[in-house]
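*Asks:* I would like to see how this sequence folds:
(chains A and B)
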Amino acid sequence: MAAFGARGDALSRRPVSAGLCAAALLALPGLMPGLAEAATPALGPPLAIHYLERRVERPVPLNNEDPIPDDEGARGAELGLKDSSATGRFIGLGFSLDAKVVAPGDDIRAAFRDLADRHFVVINAPAADVLALADLPEARESVLLNIGAPDTRLRDAECRKNLLHILPSRAMLADALVQFLAFKRWSRILLVTGPAPGDGLYAEALKRSAKKFGARIVAEAAYDPRGGDVRDTALREFAIPTRGAEHDVVAVADEAGAFGASLNYNSAAPRPVVGTQGLSPAAWGRPVEAWAAVQLQGRFRKLAGRAMRPVDWAGWMAVHAIGEAAVQARSAVPEAVRASLTAATFEVGGFKGRPLSFRAWDGQLRQPVFLLWPGAVTATAPIEGFLHHRTELDTLGLDEPESACRAFSGRSP
Amino acid sequence: MNRLAALALALATVLPARAEEVFVSNERDNTVSVIDGDSLEVLRIFPVGRRPRGVTFSKDGRALYVCASDSDAVQVIDPETGQVRHDLPSGEDPEQFALAPDGRTLFIANEENATTTVVDAQTRKVLAQIDVGIEPEGVAVSPDGRTAVTTSETTNMVHWIDTKGLEAVDATPVGQRPRYATFSADGTRLWVSSEIGGTVAVIDVATRKVIETIGFALKGIAADRIQPVGIQLAKDGRHAFVALGPSDRVAVVDTQTFKVESYILVGRRVWQLALNAAGTRLFTTNGVSGDVTVIDTGTGRPIRTVKVGRFPWGVAARPIPDAKVPDGRAAGAAP
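*Replies:* Okay, the predicted model is just below:
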């Protein structure tokens, strides 16, 4: 358990700890059985990657069969380490990953300061924690990779030079959805927003996207699921918030999944539900299988015993990007890897059918966004016809002229 | 053997001038479509194992090998009747393979478990399982039979396998998501496509170093939609044909200057390529449109689109039995 550092107590309650520990050990040379012949002698010490998570209390899921797993994100990072180690050994590069989970109310900054080698830290935490860490003097030379906070502000006025974003922002998700609606000419949106702060931000993102792509919010309703069991009342109850002006779709902003799933088929008019439930924009999801994604899904399921979720994908992607940067640099020296990862020419695959790269103006990983319902990938954004002079991927999220981020100025595009 | 099969065999032996046949695996239909090399009509369709991808032939053209990925087997099939003779042990999730010049050693990429399985097709025994990078895909054996290579799609390397010792001896990093590899006829160069990198690397086999990286550009098509997959080298060695995935084009590359000479419009999401024995026709599998484009290599023009099954993946021209022709070069089965 030594690999987990001071917060091992928080982790030991979780089934993930054993798996992560094993993964960290796997990275040590000589411990991978049967692989010795193919491996090249190590060029140097393994590159240390950290996974730092803030444990968040989550509401009870609407359907008890569908909880948010405790090891979301961590398992993705673990698979990323396995993949990177399998690659690195052919050219003598090693990687290690240790994971630390900070309990609610505990000091995440102290946990960060306790890290032995802080060059690469994958962070799965709310936006406030992400900013607190990025602003630590001890993090000045670090590369922090955000896999848990979709907040657009972290890619906007509150961006940080030492902070890269693997998870798409809410702006990217909303743009992906509204591109789809615009393509279908379903441009009249009735918006139902839940009470959580994230719901408000999601709704804001939808409004901004509607403006951007020529859709209209024709009616808005707030819905608070607290104080009743929506599973019993949905048939009658949702007719009220969805009885608005003539609309093509009902958009729902319910990030925690407190009611949105029950809104499907329960709206006043026969209209599809889109947004956080129904047809949902996401970085990843169970129906994704094109572009060899089925291989990644299979590897993850084998490792974690469950389907890969967006934050898991981001965790995998973060460690995979670091590993790929090291391979491209042919080095596990942190400074060399950072230079490779943040170079304007850096590109990496992510099972999304296109090369992925970081936006020079805000550190966001540009990437396709899937439009999913549980049964299928309905479409993949950018939707054809939405053009951009640089890459169509930059039609999703804050583009360079829109972004208030200045931390990266001076970095070549 | 049933009567139909016997009849087919009888016909095969009676007909004086055997037409050439091109076999296409349909990944989503679990079938193989057989196209007449002259009339370009579909002659027959037969069921195979689940998720068929790479296809190739024995040297004499009398056995069809199919990577049935989800059946975890390489099937050995009678190309006349479509009957499965037997399965070869292939390791998990075989995707592509290559038959060594000895005509019996198969090198099989096991996409799911990061190994290359080496099988003796005669004794049906596994000779070795060699650890390679993650998601091995492209496989090729050098013309002298001494070296095999496997490309790994997530590790992004070419793994060099010594065919005597049956172990991986070296690795060469290439562009993102290497999918296909093929040796030049003289064995001095290895061509490797990188789907996400958008490039083709030409590697000097002696030094195992990339000597040229070929890029592609098409007006009106975003660079990240140009995704090289299958490669075929023309029989005269002067050109390379490169399938460019969702850009729906095949590039024609000069093998001396490495310049792209032209782009040929084919069906949607072109994956793999195969030449007929004479090298006069190029067959492309177009995964999304579910068809095969036939290109006249002399004029560089498509001459026919042939409807096949869903997600046509691998393609191989069948060597004409008992005829003295070059070995069957095929997609998913480099020489």
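*Asks:* Quick check: the gap between A:Ser85 and A:Ser96.
*Replies:* 9 Å (Cβ to Cβ, to the nearest Å). (C-beta placed from N, C-alpha, C; glycine too.)
*Asks:* more neighbours, the two?
*Replies:* Taking neighbours as other Cβ atoms under 10 Å in any protein chain shown, A:Ser85 and A:Ser96 compare with A:Ser85 leading, 25 against 21.
*Asks:* In contact with residue 149, which residues are there?
*Replies:* Since no chain was named, I'll use chain A. A:125-127, A:130, A:165, A:167 (Cβ atoms under 8 Å, 6 or more residues apart in numbering or on different chains).
*Asks:* Chain B, not that one
*Replies:* B:Val149 neighbours (Cβ under 8 Å, 6+ apart): B:138-141, B:158-161, B:181, B:190.
*Asks:* Now flag whichever of the residues you listed is closest to chain A.
*Replies:* B:His159 (7.2 Å; Cβ to the nearest Cβ).
*Asks:* want to try JSON lines for the contacts of A:Ala149, with secondary structure as columns?
*Replies:* What follows is those, written out as JSON lines (DSSP: H, G, I helix; E, B strand; the rest coil):
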{"residue": "A:Ala125", "secondary structure": "coil"}
{"residue": "A:Pro126", "secondary structure": "coil"}
{"residue": "A:Ala127", "secondary structure": "helix"}
{"residue": "A:Val130", "secondary structure": "helix"}
{"residue": "A:His165", "secondary structure": "strand"}
{"residue": "A:Leu167", "secondary structure": "coil"}
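*Asks:* Alpha carbons of stretch A:82-95, in CSV - could you do that?
*Replies:* Taking only C-alpha atoms (Å, rounded to 0.1, in the frame of the first residue of the first chain), the coordinates of stretch A:82-95 have been written out as CSV:
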residue,chain,number,x,y,z
LYS,A,82,-0.9,-0.9,-18.5
ASP,A,83,-1.1,0.3,-22.1
SER,A,84,1.8,2.7,-21.7
SER,A,85,4.0,0.2,-19.9
ALA,A,86,3.3,-2.4,-22.6
THR,A,87,4.4,0.1,-25.2
GLY,A,88,7.3,1.6,-23.3
ARG,A,89,9.1,-1.6,-22.6
PHE,A,90,10.0,-2.0,-26.3
ILE,A,91,12.1,1.1,-26.1
GLY,A,92,13.3,0.8,-22.5
LEU,A,93,10.8,3.3,-21.0
GLY,A,94,9.0,2.5,-17.8
PHE,A,95,6.0,4.2,-16.0
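*Asks:* Could I get the average pLDDT for it?
*Replies:* For stretch A:82-95, the per-residue pLDDT values average out at 93.
*Asks:* Same check on stretch B:301-310?
*Replies:* 97.
*Asks:* Can it be said to contact chain A?
*Replies:* No - using Cβ under 8 Å from any Cβ of the partner chain, stretch B:301-310 stays clear of chain A, with a minimum separation of 13.9 Å.
*Asks:* cool, and stretch B:20-34?
*Replies:* No - using Cβ under 8 Å from any Cβ, stretch B:20-34 never reaches chain A; the gap is at least 11.5 Å.
*Asks:* List the buried residues of the host helix or strand of A:Ile217.
*Replies:* Per DSSP states H and E: A:Ile217 is located in strand A:216-222. Residues A:217-221 are the ones in strand A:216-222 that count as buried (16 or more other Cβ atoms under 10 Å in any protein chain shown).
*Asks:* how about those residues in JSON lines, adding distance to B:Gln122?
*Replies:* Below are these laid out as JSON lines (distance: Cβ to Cβ, whole Å):
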{"residue": "A:Ile217", "distance to B:Gln122": "70"}
{"residue": "A:Val218", "distance to B:Gln122": "72"}
{"residue": "A:Ala219", "distance to B:Gln122": "73"}
{"residue": "A:Glu220", "distance to B:Gln122": "72"}
{"residue": "A:Ala221", "distance to B:Gln122": "72"}
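*Asks:* Point out where chain B drops to low pLDDT.
*Replies:* B:1-18, B:322-335 (pLDDT under 70).
*Asks:* what does it put close to chain A?
*Replies:* B:111-112, B:114, B:130-135, B:152-157, B:159, B:167-168, B:171, B:173, B:176-177, B:196-198, B:222-225, B:227, B:246.
*Asks:* Give me the buried subset of these.
*Replies:* B:111-112, B:114, B:130-135, B:152-157, B:159, B:168, B:171, B:173, B:176-177, B:196-198, B:222, B:224-225, B:227, B:246.
*Asks:* Any figure for the gap between the spatially most central residue of chain A and A:Gly363?
*Replies:* Centroid-nearest residue in chain A: A:Leu167, 2.8 Å away (criterion: Cα atoms, centre = their mean). As judged by Cβ to Cβ, A:Leu167 and A:Gly363 stand 12 Å apart.
*Asks:* Likewise for B:Ala100?
*Replies:* 48 Å.
*Asks:* hang on, A:Tyr51 in a strand?
*Replies:* Yes - the assignment for A:Tyr51 is a strand, going by three-state DSSP.
*Asks:* So for it, what's the nearest residue that isn't a sequence neighbour?
*Replies:* Spatially, and ignoring its direct neighbours in sequence, A:Tyr51 is nearest to A:Ala99 (4.2 Å; Cβ to Cβ, 6 or more residues apart in numbering or on different chains).
*Asks:* Give me the neighbour count for that neighbour.
*Replies:* By other Cβ under 10 Å, the residues close to A:Ala99 number 31.
*Asks:* quick one, domains of chain A?
*Replies:* Domain assignment for chain A by automatic domain parsing gives A:2-168+A:285-368, A:171-282.
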